[in-house]
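Engineer: predicted model and sequence follow; I will ask about them next.
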Protein chains: 2
Amino acid sequence: MGNADLLFKALADPGRRKLMDRLHAQDGQTLSELCHHLDMSRQGVTQHLALLEAANLLAVQWRGREKLHFLNPVPLQEIYDRWIRKFERPRLKALRDLKRRLEEDGQDPPPKPPTRRTP
Amino acid sequence: MGNADLLFKALADPGRRKLMDRLHAQDGQTLSELCHHLDMSRQGVTQHLALLEAANLLAVQWRGREKLHFLNPVPLQEIYDRWIRKFERPRLKALRDLKRRLEEDGQDPPPKPPTRRTP
DNA sequence: TTGACATGCAAGTGAACGCTTGCCTATTGT
DNA sequence: ACAATAGGCAAGCGTTCACTTGCATGTCAA
């Protein structure tokens, strides 16, 4: 749960997501290769990659002076398990909750439409 | 695609995720109810909820002076489709890419382990 | 009607973020 | 050996973020 933070933070930036996309198009690219696609200084890209790496979203492998970047899809799968499947429409419960709200502490309040604040 | 930004930004904050969790535990809560669980000023919670609402992650319904908040799981599903299923281990392609890298422009470099920079 | 309640709106603040620039080191190929 | 290449590190800077405080407005209940 602690690294859910790193994970979502890493995904929160469009540049970082674009990097993931580039690596998805072709895995194992070097820093310089990735720089070609991003309109940004090399150092900017480096920092983004560092964040992705910290979130365990990619692994690196040194080859001489080159740094190869490989995607790691596992954390994404964890997001799915913790944050998406969990929220899959539990329609029955949702309706139950709604009903509870509408009928709460009394039966009088009929679903009268909100007058103000809905312009 | 444009609102992928809003979506990920909304999920990037632990407070916001906690709010989602609270609403998942019981949907349709009011602002004040949600405030009880977050160690934060009411206005703080309001702003978080506004972001979640902007990301279309929850819908509100006014009931007199109360604002009821309901989860909307649809955007999460979109994240899954666009960002998780897409990255599901395409093992074959991954291995192909790796091989490409290792054998690139020559056959000599065997998978020699990185000497430096791996302390 | 009046007071308590539920919420909105606006401005201020410190910290985090995204990005750049400048310089340094290691590896490669000729 | 040396120039070119690939990358790292640190400091600086403007922007956005999370959060607070203070005051205003609409709604319910006695």
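Structural biologist: Sure thing, it's come through.
Engineer: closest residue of chain A to DNA strand C?
Structural biologist: Closest contact between chain A and DNA strand C, by C-beta to the nearest atom of the strand, is at A:Gly64 (2.2 Å). (C-beta placed from N, C-alpha, C; glycine too.)
Engineer: name the nearest residue to A:Asp5, sequence neighbours excluded.
Structural biologist: With sequence-adjacent residues excluded and distances taken as C-beta to C-beta, 6 or more residues apart in numbering or on different chains, A:Asp5 is closest to B:Pro14, at 5.9 Å.
Engineer: burial check on that neighbour, number of neighbours?
Structural biologist: 14 (other C-beta atoms under 10 Å in any protein chain shown).
Engineer: A:Ser32 now?
Structural biologist: Per other C-beta under 10 Å, the neighbour tally for A:Ser32 reads 11.
Engineer: and stretch A:3-14, anywhere near DNA strand C?
Structural biologist: Yes - using C-beta under 7 Å from any atom of the strand, stretch A:3-14 comes into contact with DNA strand C via A:Lys9, A:Ala12, A:Asp13.
Engineer: what does that stretch contact?
Structural biologist: Here stretch A:3-14 makes contact (C-beta atoms under 8 Å, 6 or more residues apart in numbering or on different chains) with A:16-17, A:48, A:51-52, A:54-57, A:75, A:78-79, A:82-83, B:4-5, B:8-9, B:11-14, B:17, B:83.
Engineer: buried only: go through these for me.
Structural biologist: A:16-17, A:48, A:51-52, A:55, A:57, A:75, A:79, A:83, B:4, B:8-9, B:11-13, B:17, B:83 (16 or more other C-beta atoms under 10 Å in any protein chain shown).
Engineer: one step back: burial measure for the residue of chain A closest to DNA strand C, as a count.
Structural biologist: A:Gly64 has 9 neighbours, counted by other C-beta under 10 Å.
Engineer: what do you get for A:Gln47?
Structural biologist: Count around A:Gln47 with other C-beta under 10 Å applied: 14.
Engineer: and it, what does it touch?
Structural biologist: By C-beta under 8 Å, 6+ apart, A:Gln47 has no neighbours at all.
Engineer: mind checking how far it is from A:Gly15?
Structural biologist: According to C-beta to C-beta, to the nearest Å, A:Gln47 stands 10 Å off from A:Gly15.
Engineer: circling back to that earlier point, quick one: which of the buried ones among the contacts of stretch A:3-14 sit in helices?
Structural biologist: Using DSSP state H, A:Arg16, A:Arg17, A:His48, A:Leu51, A:Leu52, A:Pro75, A:Ile79, B:Ala4, B:Phe8, B:Lys9, B:Leu11, B:Arg17 are the members of these that sit in helices.
Engineer: cool, thanks, signing off.
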